[in-house]
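> Show me how the following folds:
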Amino acid sequence: MEPRHRPNFTTRATLPDDVKGGELVLKLFTSTQASGANVFRRDEGQTMAEYGVVLAVITLAIITSIAFLSDQIQSAYESVAAIF
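Residues are numbered from 1 along each chain as shown. Alright, predicted model coming up:
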């Protein structure tokens, strides 16, 4: 049985002159992509805690607006009641 031919990985293949500039750009692109992967990572969906915070802020805004506008709201209800 003959031994198989193993490729020689110690020598580098040379690229044509018009392609060699792309190596630097490719290295820059991959390093930027690898370092920025954690910065621009998107988390899909929302957790229940985030929904709870949004609900609390909306509730607080409604209660505050009703407290500030209570006199005007009361007079509006009285005028509607007088119409009926």
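> in the chain, which helix has the most residues?
Longest helix of the chain, by residue count under DSSP state H: helix 48-68.
> Tell me which residues are up against the following helix or strand past that one.
Proceeding N to C from helix 48-68, the next assigned helix or strand is helix 70-83, under DSSP states H and E. With C-beta atoms under 8 Å, 6 or more residues apart in numbering as the test, helix 70-83 has contacts from Ile66. The C-beta positions use only the backbone N, C-alpha and C, and glycine is treated the same way.
> Averaged pLDDT, helix 70-83. What do you get?
For helix 70-83, mean pLDDT is 91.
> Alpha carbons of that helix, as PDB, please.
C-alpha atoms of helix 70-83 as PDB (Å, rounded to 0.1, in the frame of the first residue of the first chain):
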ATOM      1  CA  SER A  70     -58.700  66.800  38.800                       C
ATOM      2  CA  ASP A  71     -60.500  70.200  39.000                       C
ATOM      3  CA  GLN A  72     -61.000  70.400  35.200                       C
ATOM      4  CA  ILE A  73     -62.000  66.800  35.000                       C
ATOM      5  CA  GLN A  74     -64.600  67.300  37.800                       C
ATOM      6  CA  SER A  75     -66.100  70.300  36.100                       C
ATOM      7  CA  ALA A  76     -66.200  68.500  32.700                       C
ATOM      8  CA  TYR A  77     -68.100  65.600  34.300                       C
ATOM      9  CA  GLU A  78     -70.500  68.000  36.000                       C
ATOM     10  CA  SER A  79     -71.200  69.800  32.700                       C
ATOM     11  CA  VAL A  80     -71.900  66.500  30.900                       C
ATOM     12  CA  ALA A  81     -74.200  65.400  33.800                       C
ATOM     13  CA  ALA A  82     -76.100  68.700  33.500                       C
ATOM     14  CA  ILE A  83     -76.700  68.100  29.800                       C
END
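> pull the helix or strand with minimum mean pLDDT from the protein.
The helix or strand of the chain with the poorest confidence is helix 21-36; it has a mean of 71 (mean pLDDT, DSSP states H and E).
> Buried residues of it, list them for me.
By neighbour count with 16 or more other C-beta atoms under 10 Å, helix 21-36 contains no buried residues.
> For the longest helix of the chain, enumerate the helices and strands it packs against.
Identification of packing neighbours for helix 48-68 by 3 or more C-beta pairs under 8 Å, 6 or more residues apart in numbering; DSSP states H and E yields no helix or strand.
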